[in-house]
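*Asks:* sequence and predicted structure are below.
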Amino acid sequence: MEQELIAVEEKNNSRKSRMAAKEDRNSEKSQSIYDLPGVGAATAEKLMAVGYSDLMSIAVATPAEIIDATGMGDALAKKLIAVARSSLEMGFESGDDLLKRRDSVIKIKTASSALNQLLGGGFETGAITECFGEFGSGKTQIAHTLSVMSQNISEDAVAVYIDTENTFRPERINQFAKGAGLDPDKVLKNIQVARAYNSDHQMLLVEKIDDLIKKKGLNVKLVVVDSLTAHFRAEFIGRGTLADRQQKLNRHMHALLKLADTHNLCVYVTNQVMAKPDMFFGDPTQAIGGHIVAHASTYRIYLRKGKKGTRVAKLIDSPSMPEGEAGFYVDTDGIKDVE
Ligand code: GTP
Ligand code: MG
């Protein structure tokens, strides 16, 4: 009898300790995907390969997406997401805190006051500005000028340039720097350029920006991705793969938005257009990347070639600025207003 009681008590105790352990696990916090429960090196690799490279991307994923990517069971996928969520501060912020944060927004000015005005003073930090338009419309030139002008923010401001089409030209930086009255050598030193060879590489480079900031202590104020969509477009061809492409692009945009938000830096991305064959009136082009890119971008500018070599920028989507247009032209030493 006594023996039995002891056995029952032991059973209870072990249940209690199991429950305590379970509770403990539920309040676990993780620093990176590598220390999520049940994630070994192989699973981490699988997650990374499809773009789940940080906790936020897992926190906002659905169990089905995680299962798809890793082949793990439903319960573990849910657990993973739960731990990722509890590890991140995904809470609310009061309106006045938000207003204070708006006060810290910096606007990077180009040498075209019309273009700056269109954006309410310049290209904003804490936001993604997307520029889409046909070849030669000036997307890359704006990327270069921003890389220079962002250095007006502070002595140590750094621009990160992710170049997917091999169109970054230090010579152009030189010319723009001189035009802005800045020291070209110093400006070039403060631009970190990386060639991205495919979409995975491109996404990985974005993850590395966190290291530049946290480990190397660089004061990154601008991140350029030129072009945002070219690799995605080339790698995912056909209807069947469109959903995969969009999912991946979504994670990429999210990572960029997070960078913009957490480090108060300006993200500038470029995007191509494609012909809309069923369009008879208006502009027969539309941006690549569809709703995913459109929704994640804070500001969207449509660039087109105007008369006499000018360029016309049209603000398509903005949280607080009216839609409008601005003319400018690309000069040797900067982006200028049309006289
Ligand atoms: P894609 O990347 O091909 O889609 O085009 P993009 O929109 O990036 O075009 P980009 O910014 O490269 O613009 C090219 C245009 O900028 C050229 O057609 C020129 O009009 C102008 N441009 C480029 N370099 C110079 C330069 O050194 N001096 C002057 N004056 N204009 C330049
Ligand atoms: Mg270009």
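*Replies:* On my side now, so go ahead. Ligands and ions are numbered 1, 2, ... in the order given.
*Asks:* could you pull out the helices for the stretch 51-200 of the chain?
*Replies:* For the stretch 51-200 of the chain, the helices defined by DSSP state H, counting those that start in this stretch cover 55-59, 63-70, 74-87, 95-103, 113-118, 139-149, 170-179, 184-189, 199-214.
*Asks:* what about the closest residue to P63 other than its chain neighbours, neighbour count?
*Replies:* Nearest non-adjacent residue to P63, counting by C-beta to C-beta, 6 or more residues apart in numbering: A77, 4.2 Å away. Just so you know, the C-beta spots here come from the backbone N, C-alpha and C atoms, and that holds for glycine as well. A77 has 23 neighbours, counted by other C-beta atoms under 10 Å.
*Asks:* identify the residues contacting A77.
*Replies:* By C-beta atoms under 8 Å, 6 or more residues apart in numbering, A77 lies in contact with P63, A64, I66, I67, T70.
*Asks:* please report the distance of the nearest residue to the fourth one once chain neighbours are set aside from S104.
*Replies:* Computed as C-beta to C-beta, 6+ apart, the closest residue to I67 that is not its neighbour in sequence is A77, at 5.0 Å. For A77, the distance to S104 under the criterion C-beta to C-beta, to the nearest Å works out to 37 Å.
*Asks:* hang on, the earlier thing: out of the helices of the stretch 51-200 of the chain, which is the most enclosed?
*Replies:* helix 139-149 (a mean of 26; mean count of other C-beta atoms under 10 Å).
*Asks:* run the chain-centre distance for it.
*Replies:* Here helix 139-149 shows a centroid-to-chain-centroid distance of 17 Å under the convention C-alpha atoms, centre = their mean, to the nearest Å.
*Asks:* report the contact partners of the residue of the chain at minimum distance from ligand 2.
*Replies:* Here the chain gets closest to ligand 2 at one residue, T140, 3.2 Å apart by C-beta to the ion. Contacts for T140 (C-beta under 8 Å, 6+ apart) come out as E165, T167, D226, T270.
*Asks:* what's near enough to touch the third one?
*Replies:* Contacts for D226 were tallied using C-beta under 8 Å, 6+ apart; they are 139-140, 143, 161-165, 167-168, 268-270.
*Asks:* intersect the residues you listed with the contacts of ligand 1.
*Replies:* Among those, the ones lying near ligand 1 by C-beta under 6 Å from any ligand atom are K139, T140.
*Asks:* domains for this structure, by residue range?
*Replies:* Domain assignment for the chain, taken from automatic domain parsing, gives 2-88, 100-337.
*Asks:* hang on, the earlier thing: and the pLDDT for the residue of the chain closest to ligand 2?
*Replies:* We have a pLDDT of 98 for T140.
*Asks:* middle-most residue in this protein, spatially?
*Replies:* In the chain, the residue lying closest to the centroid (C-alpha atoms, centre = their mean) is L256, at 1.4 Å.
*Asks:* pretty sure F232 sits against S199.
*Replies:* Yes. Proximity of F232 to S199 meets the contact threshold set by C-beta atoms under 8 Å, at 5.1 Å.
*Asks:* please enumerate the shared neighbours of those two.
*Replies:* K248.
*Asks:* right, is stretch 316-335 up against ligand 2?
*Replies:* No. Residues of stretch 316-335 are not located near ligand 2 by C-beta under 5 Å from the ion, the shortest gap being 11.7 Å.
*Asks:* endpoints of that stretch, how far apart?
*Replies:* Start-to-end span of stretch 316-335 (C-alpha to C-alpha, to the nearest Å) is 20 Å.
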